[in-house]
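A.B. asks: okay, sequence plus prediction incoming.
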Amino acid sequence: MFASVPSATILGAEGYPVVVEVHVGGGLPAFSMVGLPDESCREARDRVRAAIESTDRSWPQKRIVVNLAPPRHRKVGSGLDLAMAVGVLVAAGDIEPTAVRGLGFVGELGLDGSVRGVPGVAPMVGVLGELDVVVPVASLAEARVAARAGVRPVAHLSEVIAALTAEAPWPDHDESTTTTPHDQVPDLADVRGQPVPRRALEIAAAGGHHLLFVGPPGSGKTMLAQRLPGILPPLDRETALRSTMVHSAAGIPLPPGGLVRRPPFRSPHHTSSLVSIVGGGSSAMRPGEASIAHGGVLLLDELGEFPVGVLDALRQPLEEGAIHVARANSRAVLPARFLLVGATNPCPCGGGAPGECQCDDVRRQRYLRRLSGPLLDRFDLRVAVHRPGIDELIDGRGGESSAVVARRVERARAISNERGPLNGQLTGAELDRWAPLSDGARARLRHEMERGRLSGRGYHRIRRVARTLADLDPEPVEIVSESHVVEALSLRTRLGSSAGSAPERVA
């Protein structure tokens, strides 16, 4: 007999529908699978057989052929187990073919017949259209985020068989135990002193500007960066859905309710590989840290210690907001629109106060050359961070809280959203329209360019930051003033030639 059961697989962060075709016929007992399954998918043979026998059903002693159609994409993972088991039971005559009409099946099977969650349930459910989808209880919350029709959670294969044979109704499982709460975001009020870096965080959040902190160890670079998500507004519906799909595909636990509403924060170690950062792989094509940070913040601490190839690979997503991964047999486009925050020491030894640096000029220049010019140019804000003073550390008084700063950021973003994209993404033509310069501002920028301290690309980046500064004013203005340009110039500096000194301004 023949059975056809809808299911889905995943490639990158996108789901692809799969039809699991099962034929049970005459011949020597055997089980074969075709349709480009990977190794983990081929192992379903033993899992499916053990699970069916654990429900007191007989395994057909015939030749079984499973085809995963269409054969254009490689089928990855164990999410097709449940569909295969149902297909075998239908083809063997234990379940009527009409019972599976209008249903899709996603889930991994344990040897005892339990139905387990798999990464990527949200994008897989999303491509099954108007079908009611049978999913593991552990994946109920994320399935409901993407489902267009009903979702039927199950904990054991026996529950599926009982419902399909009309022996019992579909079970009603509670999703309250399927999610875990996320940690609280650190508050900006914990930061002592640091008025300029705090201001840079607010500007980066309001305008979507990439930010680089340069300073010695212990100056608070990482502490500052960790508080950036707390002043960002919640994700809009479209970004939240894309971020949820990516987190689901990467196997990241989702927040209560299943939908990622808070901007993600990712901070990979500097020993991370290229694939772990940008995504891909030989067959799975999983999202990397850059995609998991979609809609939020990607912190690269100890920026100068990352491999040069990893840093340069981020140049495309910083411009396009997406990563294009290509392999011989497959291609994937992974969303990657994030705020990049880099933190680096001014030299290999860390530097600090004047006289503490143990590096000569050659070592410092070799260390700084690890950060290519094209990458540094994508940081709209480059801020020197100095160690706070003793009085600032011990007086016990912090600065403004994240909630106070977040309200200003939200107001500035509302102004920006009325115009279109965030200020950090404005093109030259859009700058001429939305960021007109006063005479003083134009004269100041001309002076900087004539003295060779500002390039054409730097000119546009200064205008973007100045536009954000104008939006952050207590009384927002349409015309960018000279004071806005001056402050934007002061927040665009280069790595200094000597450790412990303030970096010089550069284009």
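C.D. replies: Perfect, thanks for sending it.
A.B. asks: so what strands line up beside the top strand by length along the chain?
C.D. replies: When the chain is parsed with DSSP state E, its longest strand is strand 14-25. Strand 14-25 has the following strand partners under DSSP bridges: strand 2-11 (antiparallel), strand 63-69 (antiparallel).
A.B. asks: so which of these is the most packed in?
C.D. replies: Greatest average neighbour count among the strands paired with strand 14-25 goes to strand 2-11 (a mean of 23), per mean count of other CB atoms under 10 Å. C-beta coordinates here come from the backbone N, C-alpha and C atoms, glycine included.
A.B. asks: sorry, back to before: can you pull the buried residues of the very next helix or strand once past the longest strand of the chain?
C.D. replies: Once strand 14-25 ends, the next helix or strand along the chain (criterion: DSSP states H and E) is strand 30-34. By 16 or more other CB atoms under 10 Å, the buried positions in strand 30-34 come out as 31, 33.
A.B. asks: what's strand 30-34 in contact with?
C.D. replies: Around strand 30-34, the neighbours that count as contacts under CB atoms under 8 Å, 6 or more residues apart in numbering are 41-42, 44-45, 49, 63-68, 71.
A.B. asks: thinking again about what came up before, buried residues in the longest strand of the chain?
C.D. replies: Judged by neighbour count using 16+ other CB under 10 Å, the buried positions of strand 14-25 are 14-24.
A.B. asks: one step back: and the strands paired with strand 14-25 as TSV, adding distance to Arg266 and mean pLDDT?
C.D. replies: Shown next, in TSV, are those (distance: least, CB to CB, whole Å; pLDDT from 0 to 100):
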stretch	distance to Arg266	mean pLDDT
strand 2-11	20	93
strand 63-69	33	95
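A.B. asks: for Tyr367, which of those strands is the nearest?
C.D. replies: Closest to Tyr367 of the strands paired with strand 14-25, according to CB to CB: strand 2-11, at 39.2 Å.
A.B. asks: low-confidence regions, the chain specifically.
C.D. replies: 175-183, 282-283, 328-329, 351-356, 396-397, 494-507 (pLDDT under 70).
A.B. asks: and the residue nearest to the spatial centre of the chain, how far from Val246?
C.D. replies: For the chain, the residue whose C-alpha lies nearest the mean C-alpha position (CA atoms, centre = their mean) is Ile292; its distance is 1.8 Å. In this view, Ile292 and Val246 are 6 Å apart by CB to CB, to the nearest Å.
A.B. asks: circling back to that earlier point, the longest strand of the chain to strand 30-34, inter-axis angle?
C.D. replies: Going by axes from the mean of the first three to the mean of the last three CA atoms, to 10 degrees, strand 14-25 is angled at 150 degrees with respect to strand 30-34.
A.B. asks: can you give me how far strand 14-25 is from the chain middle?
C.D. replies: 30 Å (CA atoms, centre = their mean, to the nearest Å).
A.B. asks: same deal with stretch 465-477?
C.D. replies: 29 Å.
A.B. asks: now stretch 381-399
C.D. replies: How far stretch 381-399 lies from its chain's middle: 31 Å, per CA atoms, centre = their mean.
A.B. asks: neighbouring contacts of it?
C.D. replies: Stretch 381-399 is contacted from outside by 188-198, 200, 203-204, 209-216, 218-221, 224, 352-353, 376, 465, 491-494, 496, 502-503, using CB under 8 Å, 6+ apart.
A.B. asks: also stretch 477-494?
C.D. replies: Against stretch 477-494 from outside (CB under 8 Å, 6+ apart): 196, 199-200, 203, 214, 376, 380-384, 435-438, 440-441, 443-445, 448, 454, 458, 461-463, 465-467, 469-470, 502-507.
A.B. asks: restrict the longest strand of the chain to CA atoms and write it as CSV.
C.D. replies: What follows is strand 14-25, C-alpha atoms only, in CSV (Å, rounded to 0.1, in the frame of the first residue of the first chain):
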residue,chain,number,x,y,z
GLU,A,14,13.6,29.0,6.2
GLY,A,15,11.2,26.0,6.2
TYR,A,16,10.5,23.9,3.2
PRO,A,17,7.5,21.6,2.8
VAL,A,18,8.2,17.9,2.4
VAL,A,19,5.9,15.1,1.4
VAL,A,20,6.8,11.8,3.1
GLU,A,21,5.8,9.1,0.7
VAL,A,22,5.8,5.5,2.1
HIS,A,23,5.3,2.3,0.1
VAL,A,24,4.9,-1.1,1.8
GLY,A,25,5.0,-3.9,-0.6
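A.B. asks: dump the strands paired with strand 14-25 to TSV, plus distance to Pro476.
C.D. replies: Output for the strands paired with strand 14-25, formatted as TSV (distance: least, CB to CB, whole Å):
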stretch	distance to Pro476
strand 2-11	44
strand 63-69	56
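A.B. asks: among those, which is nearest Ser158?
C.D. replies: Nearest of these (CB to CB): strand 2-11, 17.6 Å.
A.B. asks: what's the most distant pair in the contacts of strand 30-34?
C.D. replies: Arg49 and Pro71 (23.6 Å).
A.B. asks: what about the two, which has more around it?
C.D. replies: Neighbours per residue, other CB atoms under 10 Å: of Arg49 and Pro71, the larger number sits with Arg49, 19 against 12.
A.B. asks: against Asp473, how distant is the more buried one?
C.D. replies: Separation of Arg49 from Asp473 (CB to CB): 69 Å.
A.B. asks: same question, Gly215
C.D. replies: In terms of CB to CB, Gly215 sits 28 Å off from Asp473.
A.B. asks: the more surrounded of the two?
C.D. replies: Neighbour count, other CB under 10 Å: between Gly215 and Asp473, Gly215 has more, with 27 against 13.
A.B. asks: excluding its backbone neighbours, what's nearest the more buried one?
C.D. replies: Ranked by CB to CB, 6 or more residues apart in numbering and with sequence neighbours excluded, the top spatial neighbour of Gly215 is Val385, at 3.3 Å.
A.B. asks: and that neighbour, backbone torsions?
C.D. replies: The phi and psi values for Val385, taken as degrees, to the nearest 10, are phi -120, psi 120.
A.B. asks: what sits against Gly342?
C.D. replies: Gly342 touches 210-213, 299-300, 303, 379, counting by CB under 8 Å, 6+ apart.
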